[in-house]
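Peer 1: I would like the atomic coordinates for the input below:
(5 chains, ligands or ions: 4)
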Amino acid sequence: MNNWQRMVWDQRELFLQGFSVTLQVCGVAFVCALAGGLLLALLRVRVALLRPLVIFLIEFFRATPVLVQLLWVNYVWPELFGWPNTFFTAACVALALQSSGYLAETFRGALEAIPRGQFEAAGSLGLSRTRTFLRIVLPQMLLDAAPSIGNQFTVIVKSSALVSVIAVPDLMFESQKLVNRWYEPIEILTATAAIYIGFIFLMSWGLARVAGALRRRFGLAMNN
Amino acid sequence: MAAAATPCIRVVDLHKRFDELEVLKGVSFEVHRGTVLSMIGASGSGKSTLLRCINRLEAPTAGDVLFEGQSLVQANGRALGYNEINRLRRDLGMVFQQFNLWPHMTVLQNVMEAPRHVRNMDKAKAREVAEACLRRVHLWDKAGAYPARLSGGQQQRVAIARALAMQPKVMLFDEPTSSLDPELTEEVLAVMRELARDGTTMIVVTHEMGFAREVSDHVMFLHNGLVEEQGPPERVFGAPQSERLRQFLSRTNVQQGSRA
Amino acid sequence: MAAAATPCIRVVDLHKRFDELEVLKGVSFEVHRGTVLSMIGASGSGKSTLLRCINRLEAPTAGDVLFEGQSLVQANGRALGYNEINRLRRDLGMVFQQFNLWPHMTVLQNVMEAPRHVRNMDKAKAREVAEACLRRVHLWDKAGAYPARLSGGQQQRVAIARALAMQPKVMLFDEPTSSLDPELTEEVLAVMRELARDGTTMIVVTHEMGFAREVSDHVMFLHNGLVEEQGPPERVFGAPQSERLRQFLSRTNVQQGSRA
Amino acid sequence: MSDNLREVFDLTLFGEYRAVLLKGLWMSLGVFTSSAVLALALGLGIALLRVGRRPWLRRYAIFHTEVARNAPDYIMIVWVHFVLPLLVGKVIGQRLEFNPFYSAVIALAFVYSGYFAETFRAGIEAVPRGHIEAGQALGMSARRITWRLVLPQVVRRMLPESTNQFISMFKATSIVSLIAVPDLMYQVQMVSAQEMKPMPLYTGAALVYFVIVFCAATALQSFSSRWRAKVYA
Amino acid sequence: QTLDSGIRPESTLAKVLKSGVMRVGYAQTGPFFYKVAKTGELGGIYFDAATELAKQMNVKVEFKEVTFQNATVGLRRDDYDVFGSALTYTMARAMAVDYIGPLYEVGSLLMVHKDNAGRFKTLADFNDPSVTFSVVSGGSEEPRIPILFPKAKLITTTGQAELGAEPVRAKKSDVWMSSQVAVLLMAKRTNWAVAFDPEHPIDRRPSSWAVRYGDYEWKNFLDFWAGFMRTNGETDRLMKLHMDRIGNA
Ligand SMILES: Nc1ncnc2c1ncn2[C@@H]1O[C@H](COP(=O)(O)OP(=O)(O)OP(=O)(O)O)[C@@H](O)[C@H]1O
Ligand SMILES: Nc1ncnc2c1ncn2[C@@H]1O[C@H](COP(=O)(O)OP(=O)(O)OP(=O)(O)O)[C@@H](O)[C@H]1O
Ligand SMILES: [Mg+2]
Ligand SMILES: [Mg+2]
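Peer 2: Numbers count the residues shown, from 1 in each chain, chains lettered A, B, ... in the order given. Ligands and ions are numbered 1, 2, ... in the order given. From the prediction side, this is the model:
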């Protein structure tokens, strides 16, 4: 028990500091992943010309280990594209890439699940394409995809435990440092796991609540 | 009713083919301003497809659709783009069989959306228009409800209000009562009767022969992708010429005879 | 038809409440072997709920349902378990409004499933039974098709065949024609007429007054969760007593008058 | 291309060490298949408990799902390998040591059982109530309804989403090297430590993962769309 | 017979002798303990040493692999009797496990990019705010850099040691500090890495094996063995042998 006090509670500032970095990386990556996933999904569905390329990209992002994505984005991209130039940006980009691949497929599913009639009703009233997408299609897509989006958030948070290979001092990094200080991984890792589990749980629970509340509000909740 | 010089809708030798299947094989007709055309025909005869071509939800394979003399298919020898079609569609209200209300918007939002962002009315004005339309279909008290909470008949009437709010010159109805029970059917037909009385140009695909007979100026029987017979309702129902129409009417009559 | 000593189905003071809403407020009636009961009533009056209580897809809040004298709700003072209910249900065929065919099985598999695994017939026997039932609804040629490839009327008939294959003593129909077009409606009603002629006990929820009048031995009008009026069809349709039934019939008559 | 880039994409090392790397790949596939089968079975069981009628089991299912999905794989693996044997050992009063392969399989199966349980649950709930009621109305037993009416629809409907999960899971096997299970990643690290060229080796590994996942996903996709075409017309 | 010698029966030494098996934990590090990648055979300085020790004790030897991270956990959990791969003395580790007398002294080297090599003439040039070090987390160099080069900046990576050199290759940092073995190997294997003053390793630290605390017989016994190996020059000989072997592999 003494170990818990000394290695976990007394080190709370380090844990917090690492957690705040994790939070930032995941936040930025999540937003980018949503945007990227949406873009890829739209390109895949709407732009026939680019479809093979987009499918390749989606599969490539989904199918390569995130560790390697981190290394590539951080060490290879700057030479190819002159960007990104900080470790933090690279970490966000790499995490976002992976999840945007998954999310692109999720969004495509949601997009294809929207009844044709919804588009046709908008078309028959003369709504512009942009307006139709933003106002009619997007909200329904997000609602439909909410569970998978929640899942993807957990994936991002969990993958973020690897960003320290490119020197981003996240929660996992700080906890490793503590492990290296005392060689007592069990308490420290258990505490770290508790933070991750608690955080992910809170976030996905919150998201599910919001989605559930919206569905109930629209009267869509109790279908079958 | 006096026919204007240019017909409101003119369909010229319209063909539509889905891969193998030729659904419309050359349909031509005209609808004049302020008149009501009913389309009848067996399931699969191409009624919905025809209606959808008029609204350009489907692209015709050949032939033309003219709205007040303007083609919805091409201009100056090239096909119309999405935005051009969209501009024309503003004046063609469509009420779908499946309603197609937007589930994430309230009734009022459903109705206001197009006036506000297609006609670019300001919010107050759009609200006023929407209110008028919803009152017309006796649903103003449901303005704040979401579509999923409405009964079928109510949803159908919201769909009508949504189309009306654009103050279209023509209304297209696709089997507006086919999935409603008798009481709800009556509700929806009442609203349509009222529209007809007010002189709205309408094209109605329907199974309600009674309604077709009572309200329309012109009835068209579609069979196998062709106009098999058309004319004023008295003649079409009273003295059908074609064998196939007689058969169609007798079937529906037998069954309706056995009702009531 | 001669009423047997014990009625085939007896419903005793049935109540059903969903949270706030009391849908059935004490319904009692009997159906004798070999007779046809039609249930009519406005949308939301509780017809489907009543049918589902008879089949124990819903648990009644109070009251009892007896099938050939045996309660479907309780025995020896305790509630029936899933397996006991299930045994009784084998003799109660149900045809749902939405067909509820199993999409991953062919028509034949849909029909064979219950005879084979509930009645434990061997494969050849079950196939024979299924074939007979499918022929009866004129669909033997579709035996190998998946439900999604069938038209609405065909799906409905498969649903009937599936229920028939269990050789149930009673058939329950929930609005078997409400979402079909006139031609398909006629097809399905024809099959039901035939069943009636063969002496199957049936309870039919329907909007088809013509059918109710023609086929049933007894008609029951449900209103606000209560039996408002019942009797032989001639009396119910010819000389309705209650104000509310008159109103209901006039509505549907107006509309049907305006057809044909 | 600069020297550096040329070095990153110089895959000759990969060819040179193909024997060990291939051995690692086999191990990766072994870990993957074992844990995938376990995770599927466990996920299915949990999903059935979750939609079942027993409140306590339902509560356990929720708890299981949440903990499993939310635990970082890395920590889970270390925990299962080092802490779990201590706990179990204390209970049975005997010193226990897990073979790293089993630890890895248990940890991965646990984490992904949570994901699969959610996927299955969504699929089960998407089966229209009417299909189940139709079975009940015909007097079918609850078990028969589950196995014959519900699950066949669930499995086929959830195929695309499960593909996502299988992909994640296959990639996740790369962390078993943490407890010295000699999978592909482990071999790559070993070679990289001796050749001092991590980038080309990791790049090659990524390409291997990519090719395998891509082929498998494409095959699954075409299978599932063929099935859907048949049943959903 | 073991009782006669005065070894407590609960001592690991007694257990090893009695069971006839010595369990040695290892993690793969440099020339001390490694698998030959192409064949998967074990090898290394301490591998040879442990094998020799077992032979002289007349017991069998059993090797168990762990990752470096988990080395001390496995030891304290009694997965093996001695952790026989290279542990460099650090205070943190010494509070968790007991080192035996040093077997060898390792030094560190600094490695820079060849484009940058001209910038650094003396060791003092590295102690400058414009210089960024990269180092891998958990290694023995990590805590030494702030002491040796207090003015320089430091970034820490995790994972494999050689991934710590990547920032230098990508010019995101200027210098990598690592064990002399790793730096020499990298300089030899790649065409961009240059070791700074390779003849003079800096910051020499003892490297050795570790056992659990509280087992005097076992610790004394291994101390004795370590003293012999060092004084005799045996570890030096093995080092040369293996450096040659790895370098030419
Ligand atoms: N998108 C499509 N692709 C292929 N075939 C189609 C498509 N839309 C309609 N069809 C076919 O065209 C034919 C006519 O369909 P349509 O919907 O116009 O019939 P309808 O007259 O409206 O029938 P109903 O009264 O049943 O609505 C049908 O055979 C239908 O299967
Ligand atoms: N599971 C349920 N939970 C809550 N309310 C329900 C449920 N099922 C039915 N109801 C309500 O009970 C009432 C009666 O429903 P029921 O389906 O029995 O009507 P019905 O007579 O069959 O109408 P219709 O002709 O439209 O099918 C309705 O107001 C309905 O909203
Ligand atoms: Mg149609
Ligand atoms: Mg009903």
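Peer 1: Pick out the residue nearest the middle of the chain.
Peer 2: With no chain named, the answer covers chain A. The centroid of chain A falls nearest to residue A:30 when counting by C-alpha atoms, centre = their mean (3.7 Å).
Peer 1: looking at chain E here, not the other one
Peer 2: residue E:86 (3.1 Å).
Peer 1: can you list the residues of chain A near chain B?
Peer 2: Residues of chain A found near chain B (C-beta under 8 Å from any C-beta of the partner chain) are A:115, A:117-118, A:120-121, A:123-129, A:131, A:135-136, A:139-140, A:143, A:214, A:217-220. In this view, the C-beta of every residue, glycine as well, is placed from N, C-alpha and C.
Peer 1: Filter the residues you listed down to the buried ones.
Peer 2: By neighbour count, with 16 or more other C-beta atoms under 10 Å in any protein chain shown, these hold A:117-118, A:120-121, A:123-128, A:131, A:135-136, A:139-140, A:143, A:214, A:218, A:220 as buried.
Peer 1: which ones among these are found in strands?
Peer 2: Nothing among these maps onto strands, per DSSP state E.
Peer 1: Quick check: closest non-adjacent residue to residue 117.
Peer 2: Unless you meant another one, I'm taking chain A. Residue nearest to residue A:117 in three dimensions, not counting chain neighbours: residue B:100, with 3.6 Å by C-beta to C-beta, 6 or more residues apart in numbering or on different chains.
Peer 1: that answer is for a different chain, and I need it for chain E
Peer 2: residue E:194 is the one closest to residue E:117 (C-beta to C-beta, 6+ apart), at 4.7 Å.
Peer 1: Could you pull up the contacting residues of that neighbour?
Peer 2: By C-beta atoms under 8 Å, 6 or more residues apart in numbering or on different chains, residue E:194 lies in contact with E:111-114, E:117, E:187.
Peer 1: how about residue B:64, phi and psi?
Peer 2: Dihedral pair for residue B:64: phi -140, psi 150, per degrees, to the nearest 10.
Peer 1: So the residue nearest to the centre of chain E: helix, strand or coil?
Peer 2: strand (DSSP: H, G, I helix; E, B strand; the rest coil).
Peer 1: number of nearby residues for the residue of the stretch 1-150 of chain B at minimum distance from chain E?
Peer 2: In the stretch 1-150 of chain B, the residue that lies nearest chain E is residue B:104 (44.8 Å; C-beta to the nearest C-beta). If you count neighbours by other C-beta atoms under 10 Å in any protein chain shown, residue B:104 ends up with 22.
Peer 1: Tell me if I'm right that it and residue A:140 touch.
Peer 2: Yes - using C-beta atoms under 8 Å, residue B:104 makes contact with residue A:140 at a distance of 5.9 Å.
Peer 1: all strands of the stretch 151-260 of chain B, in order?
Peer 2: B:170-174, B:201-205, B:218-223, B:226-231 (DSSP state E, counting those that start in this stretch).
Peer 1: got a markdown table for those strands, with mean neighbour count too?
Peer 2: Converted to a markdown table, the strands of the stretch 151-260 of chain B look like this (neighbours: other C-beta atoms under 10 Å in any protein chain shown):
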| stretch | mean neighbour count |
| --- | --- |
| strand B:170-174 | 24 |
| strand B:201-205 | 25 |
| strand B:218-223 | 22 |
| strand B:226-231 | 18 |
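Peer 1: right, so of those, which gets closest to residue C:198?
Peer 2: strand B:218-223 (36.1 Å; C-beta to C-beta).
Peer 1: Just checking: what are the partner strands of the closest one?
Peer 2: Strand B:218-223 pairs in its sheet with strand B:36-41 (parallel), strand B:226-231 (antiparallel), by DSSP bridges.
Peer 1: Make CSV out of these and add distance to ligand 2 and mean pLDDT.
Peer 2: Below are the strands paired with strand B:218-223 laid out as CSV (distance: least, C-beta to the nearest ligand atom, whole Å; pLDDT from 0 to 100):
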stretch, distance to ligand 2, mean pLDDT
strand B:36-41, 26, 92
strand B:226-231, 35, 92
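Peer 1: any idea how far the residue nearest to the centre of chain E lies from chain D?
Peer 2: Noted for residue E:86: a distance of 13 Å to chain D, by C-beta to the nearest C-beta, to the nearest Å.
Peer 1: contacting residues for that residue?
Peer 2: E:29-30, E:32-33, E:46, E:104, E:106, E:207-208.
Peer 1: which regions of chain E lie under the pLDDT threshold?
Peer 2: E:1-3, E:248-249 (pLDDT under 70).
Peer 1: can you pull out the strands in it?
Peer 2: Under DSSP E, chain E gives strands at E:21-26, E:34-35, E:42-43, E:60-65, E:82-88, E:98-99, E:104-113, E:132-136, E:153-157, E:175-179, E:193-196, E:202-211.
Peer 1: Could you export the ones you listed as CSV, including distance to residue A:208?
Peer 2: Below are those laid out as CSV (distance: least, C-beta to C-beta, whole Å):
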stretch, distance to residue A:208
strand E:21-26, 45
strand E:34-35, 47
strand E:42-43, 51
strand E:60-65, 42
strand E:82-88, 46
strand E:98-99, 51
strand E:104-113, 50
strand E:132-136, 40
strand E:153-157, 36
strand E:175-179, 46
strand E:193-196, 51
strand E:202-211, 48
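Peer 1: among the ones you listed, which is nearest residue C:250?
Peer 2: strand E:153-157 (84.4 Å).
Peer 1: How about the closest one and chain A, any contact?
Peer 2: Yes - judged by C-beta under 8 Å from any C-beta, strand E:153-157 and chain A are in contact via E:155-157.
Peer 1: can you check stretch D:212-228 too?
Peer 2: Yes - against chain A, stretch D:212-228 shows contacts by C-beta under 8 Å from any C-beta at D:212-214, D:217.
Peer 1: So which of the residues you listed belong to helices?
Peer 2: Residues of the residues of stretch D:212-228 next to chain A located in helices (DSSP state H): D:212-214, D:217.
Peer 1: Any chance you could list what contacts stretch E:221-228?
Peer 2: E:13, E:53, E:82, E:100-103, E:208-209, E:211, E:234.
Peer 1: Recalculate using a threshold of 7 Å.
Peer 2: E:13, E:53, E:82, E:100-103, E:208-209, E:211 (C-beta atoms under 7 Å, 6 or more residues apart in numbering or on different chains).
Peer 1: Most neighbours of all those residues, which one?
Peer 2: Neighbour max across those (other C-beta under 10 Å) = residue E:209, 29 neighbours.
Peer 1: Settle this for me: that residue is touching residue E:88, isn't it.
Peer 2: No - using C-beta atoms under 7 Å, residue E:209 is not in contact with residue E:88, being 11.4 Å away.
Peer 1: SS state for the residue lying closest to residue A:74 once chain neighbours are set aside?
Peer 2: Among residues not flanking residue A:74 along the chain, residue A:90 sits closest, at 3.9 Å (C-beta to C-beta, 6+ apart). Per three-state DSSP, the local secondary structure of residue A:90 is helix.
Peer 1: residues in contact with residue A:90?
Peer 2: A:73-74, A:84, A:166.
Peer 1: backbone phi and psi for residue A:69, please?
Peer 2: phi -60, psi -40.
Peer 1: I'd say it and residue A:94 touch.
Peer 2: Yes - Residue A:69 is within contact range of residue A:94, at 4.2 Å (criterion: C-beta under 7 Å).
Peer 1: between those two, who's got more neighbours?
Peer 2: Shown here are residue A:69 and residue A:94; by other C-beta under 10 Å, residue A:94 has more neighbours (28 against 24).
Peer 1: Could you check how far that one is from chain E?
Peer 2: 14 Å.
Peer 1: what is the rounded mean pLDDT of the host helix or strand of that residue?
Peer 2: Using DSSP states H and E, residue A:94 falls within helix A:87-113. Mean pLDDT, helix A:87-113: 91.
Peer 1: Show me the residue at the heart of chain D, geometrically.
Peer 2: Note: chain D centre (C-alpha atoms, centre = their mean) maps to residue D:169, 3.5 Å.
Peer 1: What strand or helix carries that one?
Peer 2: helix D:159-172.
Peer 1: Just after that helix, pick out the following helix or strand.
Peer 2: Per DSSP H and E, the helix or strand that comes after helix D:159-172 is helix D:184-195.
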